[in-house]
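[1] Next input, structure requested:
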Amino acid sequence: MFNFSFWDIILILMIALIIFGPKKLPEIANSLGKAIAEFKKVTGKASNAIESTKSEVKELEKDVVGKSSDLNDKKLNESEKSSNDKNLNKTIK
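    All right, here's what the predicted structure looks like:
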């Protein structure tokens with residue numbers, strides 16, 4: 001994500017040490033670590049919810065396609081029956 005060299009990191013740490021002091025720096029690092037862990041936890045939950053929703057949508061699509069196919073088969077059978085009835089009526093006349 002970020003392309004920091006070794007010297008860039010050292011420079012950032014030195015500036016942070018000067019600004020916050022040696023006593024405050026560990027507290028800030030601890031808070032930052034907790035914030036990153038919480039962020040990962042929340043994004044993991046969101047990712048799981050998205051995947052769950054995707055799988056539910058796929059299942060619903062399968063159900064709809066299956067029912068649509070069944071309905072088309074039923075209509076086809078009815079039209080064949082109607083056609084057969086017409087042919088039978090023509091034959092009888």
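[2] which residues of the chain fall in helices?
    6-92 (DSSP state H).
[3] Run through it and note the low-pLDDT ranges.
    1, 68-93 (pLDDT under 70).
[4] Next one: Lys34 from Lys41, what distance?
    10 Å (Cβ to Cβ, to the nearest Å). Any C-beta I mention is one placed from the backbone N, CA and C, and that applies to glycine too.
[5] sorry, that was for Leu11
    Look at Leu11 and Lys41: by Cβ to Cβ, they are 31 Å apart.
[6] So for stretch 28-43, what gets flagged as buried?
    Within stretch 28-43, not a single residue qualifies as buried, counting by 16 or more other Cβ atoms under 10 Å.
[7] which residues are in contact with that stretch?
    Ala16, Phe20 (Cβ atoms under 8 Å, 6 or more residues apart in numbering).
[8] Please repeat the previous calculation with a cut-off of 10 Å.
    Residues outside stretch 28-43 that contact it (Cβ atoms under 10 Å, 6 or more residues apart in numbering): Leu13, Ala16, Ile19, Phe20.
[9] Can you tell me the closest non-neighbouring residue to the second one?
    Distances taken as Cβ to Cβ, 6 or more residues apart in numbering put Leu25 closest to Ala16, at 6.2 Å, once the chain neighbours are dropped.
[10] so that neighbour touches Ile15, yeah?
    No: using Cβ atoms under 10 Å, Leu25 is not in contact with Ile15; the gap is 11.0 Å.
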